[in-house]
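In: Predicted model and sequence follow; I will ask about them next.
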Amino acid sequence: MRAEQGADGVPESGWQLRAFADGQVGGESTLAWPDEALVLDAVPAAVIVSDPAGVVLYANPAAERMYGHPRSALLGSELRQLLVADADRELADDIMRQILGGASWSGEFSVAHADGGTRTVRIMDSPVYRDGVVIAVVGVAEDVSDAVASRRDADRIGSRLNQLTTVIAALAAAADVDTIARTVVEHAAAAVGATVSSLSLLDDDQTLRLVRIEGATPEAGRRWASYGVADAVPASEAVRSGRPVIVEDRGDLERRYPDLVSQVSHERAIVCLPLTVAGRRLGVISLSFPGPRVPDESELAFLHALADASAAALDRLAALDDARDAAAKLAFLAEASIELASSRDLDRTLNNLARLVVPRLAEWCVVHVAEGGGLRPVAVAHAD
């Protein structure tokens, strides 16, 4: 089978499809399609007609645009070799067998483009009969790459929203810093594909303490157990500036943090997010990725939300600790006041007071009274 072509290699308007005559392989007759070819040329969807062996007999202009090949390159070529990726050839063979068996096939399929990339197309393949024999296959396709990408983006965003909901619920129930750190580090890494993740908190205005790290070597954990807010590293800069720090690749790392290059053996990207509440600095989440990487908009939105939720959870725990401390101090003052007013025996009162101090406020307590120009110990209490 072949398509009659003009001098420029493109089928003339009166193109002819040579087909089986009377169901016999040996004899050929000519089917003239002058009008149909013009109609197919005007169809906005990509149309390709091939013989049962998959050799292209006709391709319309839309097929040229979608697959990136000129019609002269498409005609006479094997679809399996030109448009089907190696990994999909077995599937393509199954589809062709189904069509040659008399059934149509429709669905989404990845095709190779002339630019070396791939496109996802939604295609309908149908058999063409003559005298009960399949003499050709017509494929009508539309590019759905953008729709598929949007669908994947929507699925990815939906998955991250589910993860964020899970994280926020876990953070709200967390009773200690270790639980918060584990939740944040594990979920942050899983959501954006980081291979190393950590959480560091401020011990004081000048020092960051590593609370948890995942995916790093024990040596790295020891190296970063404590580091300075003033250090020339991405995590410290994020804390100082109160803004995310993104290091896109090794070259970016070398330009901005040359002292770190010796500690990174291969290409990596780094993202550090500060933890702040009402302008107060609490710490930083650090993520490391293999290879060059710039987080997309949805990833950054997720990470910002995670950082905000983490900071709120840490602030809640700090507020609870402060409230417990204040309540304990008030209870101590109340009990001490009652004790001081309960007896006129000074030694007994001071002994009872010392026992109230330990272990609430101290591990041991000694009370002296001024007597005869010196000090006399009257009460001793120890945690042991």
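Out: Structure received.

In: can I assume residue 255 sits in a helix?
Out: Yes: with DSSP: H, G, I helix; E, B strand; the rest coil as the criterion, residue 255 is part of a helix.

In: how far away is it from residue 249?
Out: Distance of residue 255 to residue 249, given as Cβ to Cβ, to the nearest Å: 10 Å. In this view, the C-beta of every residue, glycine as well, is placed from N, C-alpha and C.

In: same question, residue 110
Out: With Cβ to Cβ as the criterion, residue 110 and residue 249 are 29 Å apart.

In: How about residue 168?
Out: 32 Å.

In: cool, residue 304 as well?
Out: To residue 249, residue 304 is 22 Å away according to Cβ to Cβ.

In: Tell me who's in contact with residue 85.
Out: Taking Cβ atoms under 8 Å, 6 or more residues apart in numbering as the criterion, residue 85 is in contact with 110-112, 118.

In: Distance of residue 379 relative to residue 356?
Out: For residue 379, the distance to residue 356 - Cβ to Cβ - is 11 Å.

In: So those two - more neighbours on which side?
Out: Per other Cβ atoms under 10 Å, whichever of residue 379 and residue 356 has more neighbours is residue 379, with 20 against 17.

In: Over to that one. Which of the three states is it?
Out: Relying on three-state DSSP, one would call residue 379 strand.

In: can you pull up the bridge partners for it?
Out: As for beta bridges, residue 379 partners with residue 367 under DSSP bridges.

In: doesn't residue 345 make contact with it?
Out: No: with contact defined as Cβ atoms under 8 Å, residue 379 does not count as touching residue 345 (11.7 Å).

In: now, the most widely separated pair of the contacts of residue 85?
Out: Pairwise distances across the contacts of residue 85 (Cβ to Cβ) peak at 8.0 Å, for the pair 110 and 112.

In: Give me the neighbour count for the closest residue in space to residue 61 that isn't next to it in sequence.
Out: With sequence-adjacent residues excluded and distances taken as Cβ to Cβ, 6 or more residues apart in numbering, residue 61 is closest to residue 41, at 6.0 Å. By other Cβ under 10 Å, 18 other residues sit near residue 41.

In: So residue 41, which state does it fall into?
Out: Classification of residue 41 using three-state DSSP returns helix.

In: Now do it, the pLDDT please.
Out: pLDDT recorded at residue 41 is 81.

In: Could you verify my assumption that residue 60 touches residue 47?
Out: Yes: with contact defined as Cβ under 8 Å, residue 60 reaches residue 47; the gap is 4.5 Å.

In: can you list residues touching both of the two?
Out: Taking Cβ under 8 Å, 6+ apart as the contact rule, residue 60 and residue 47 both touch residue 40.

In: Excluding covalently adjacent residues, which one is nearest to residue 195?
Out: Nearest one to residue 195, counting by Cβ to Cβ, 6+ apart, is residue 215 at 5.0 Å.

In: Return the residues in contact with that neighbour.
Out: Residue 215 neighbours (Cβ under 8 Å, 6+ apart): 189, 194-197, 288.

In: Give me the pLDDT value at it.
Out: Residue 215 carries a pLDDT value of 89.

In: Please enumerate the strands of the stretch 1-150 of the chain.
Out: Residue ranges of the strands in the stretch 1-150 of the chain, as given by DSSP state E, counting those that start in this stretch, are 16-21, 24-32, 46-50, 56-59, 105-112, 118-130, 133-143.

In: right, so of those strands, which gets closest to residue 362?
Out: Smallest distance to residue 362 across the strands of the stretch 1-150 of the chain (Cβ to Cβ): 70.5 Å, for strand 118-130.

In: Check which helices and strands the closest one is in contact with.
Out: Secondary-structure packing of strand 118-130 (3 or more Cβ pairs under 8 Å, 6 or more residues apart in numbering; DSSP states H and E): helix 61-67, helix 89-100, strand 105-112, strand 133-143, helix 145-173.

In: Dump those into CSV; add mean pLDDT and mean neighbour count as well.
Out: Compiled in CSV, the helices and strands packed on strand 118-130 are given as follows (pLDDT from 0 to 100; neighbours: other Cβ atoms under 10 Å):
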stretch, mean pLDDT, mean neighbour count
helix 61-67, 91, 20
helix 89-100, 89, 15
strand 105-112, 87, 17
strand 133-143, 90, 20
helix 145-173, 73, 14
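
In: Tell me which stretches of the stretch 151-300 of the chain form strands.
Out: Secondary structure of the stretch 151-300 of the chain (DSSP E, counting those that start in this stretch): strands located at 196-204, 207-214, 226-228, 245-247, 268-277, 280-290.

In: Overlap of the contact sets of residue 379 and residue 356?
Out: Contacts common to residue 379 and residue 356, judged by Cβ under 8 Å, 6+ apart, are absent.

In: For residue 88, which non-adjacent residue is closest in space?
Out: Sequence neighbours aside, residue 110 is the residue nearest to residue 88 in space, at 6.1 Å (criterion: Cβ to Cβ, 6+ apart).
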